[in-house]
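A.B. asks: only geometry, no sequence info:
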């Protein structure tokens, strides 16, 4: 079956712009999480969605937002981009979430802010 | 303040020998720990996990040891193979948490030399 698909793979944006990243989970998976990976901070949790509801949120400013659609696809949006937002953004999906269920990661979207 | 620490950014090991990757944590509330492996240009892949009620979990060449009193866990790979060369992330979860809301270390890059 198809894995977690993230689009686009690469993105270059200018400071002050906004960006929307997309994640299509594995078919049937209802839980989607987003992480930001940077060399300095490693992997940091952004938010988790389950059945269109945000279930958990990490410690990121309000410029970072997300949503999940009825088909479980998810988007995350970053407004007023800053240079420090340059990172690999990873999406992971799971059947229902919870530690007894595995999360599968996508390959990520590499965002560069110039 | 970093709650999950991987103090060795890199580790080099000869093929066939043991690789030991270490991870320390500060939050005594963590009750579930996971290891992920990440190849370049791919998302992290779940490797092995351990609950805080155990002190050891084995899966083939991979064994995770947990020392709760020292707040330390380690991943042993025996024997190491060149295909094991990747970045390894340690992650932890609090009670009631989900795999979608994990706290990751910054990773250790393992190089296995033929």
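C.D. replies: Received it, and whenever you're ready, just let me know what you need. Because the structure is a prediction, the values reported are computed rather than measured.
A.B. asks: To which secondary structure element is the residue lying closest to residue B:30 once chain neighbours are set aside assigned?
C.D. replies: Nearest non-adjacent residue to residue B:30, counting by CB to CB, 6 or more residues apart in numbering or on different chains: residue B:92, 4.1 Å away. Yep, even glycine has a C-beta here, placed from its N, CA and C like the rest. For residue B:92, the element it lies in under DSSP states H and E is strand B:86-93.
A.B. asks: Around chain B, which positions in chain A sit nearby?
C.D. replies: By CB under 8 Å from any CB of the partner chain, the residues of chain A that approach chain B are A:4, A:31-33, A:35, A:41-45, A:48, A:55-56, A:58, A:90, A:92, A:94, A:97-99, A:101-108.
A.B. asks: Please check the residues you listed and keep the buried ones.
C.D. replies: Using 16 or more other CB atoms under 10 Å in any protein chain shown as the burial test, these include A:4, A:31-33, A:35, A:42-45, A:48, A:55-56, A:58, A:90, A:92, A:94, A:97, A:99, A:103-108 as buried.
A.B. asks: show me what contacts residue B:17?
C.D. replies: By CB atoms under 8 Å, 6 or more residues apart in numbering or on different chains, the residues touching residue B:17 are B:79-80.
A.B. asks: ok, the closest residue to chain B within chain A - contacts?
C.D. replies: Among the residues of chain A, residue A:105 lies closest to chain B, at 2.9 Å counting by CB to the nearest CB. Contact partners of residue A:105, counting by CB under 8 Å, 6+ apart, are A:4, A:90-92, B:43-45.
A.B. asks: if you set the cut-off to 6 Å instead, what comes out?
C.D. replies: Neighbour list for residue A:105: A:90, A:92, B:43-44 [criterion: CB atoms under 6 Å, 6 or more residues apart in numbering or on different chains].
A.B. asks: Make a markdown table out of those residues and add pLDDT and distance to residue B:6.
C.D. replies: Shown next, in a markdown table, are these (pLDDT from 0 to 100; distance: CB to CB, whole Å):
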| residue | pLDDT | distance to residue B:6 |
| --- | --- | --- |
| A:90 | 95 | 18 |
| A:92 | 92 | 20 |
| B:43 | 88 | 18 |
| B:44 | 89 | 14 |
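A.B. asks: What is the nearest of the residues you listed to residue A:72?
C.D. replies: Using CB to CB, residue A:92 comes nearest to residue A:72 of those, at 12.5 Å.
A.B. asks: quick one, phi/psi of the closest one?
C.D. replies: Residue A:92 adopts backbone torsions of phi -130, psi 140, taken as degrees, to the nearest 10.
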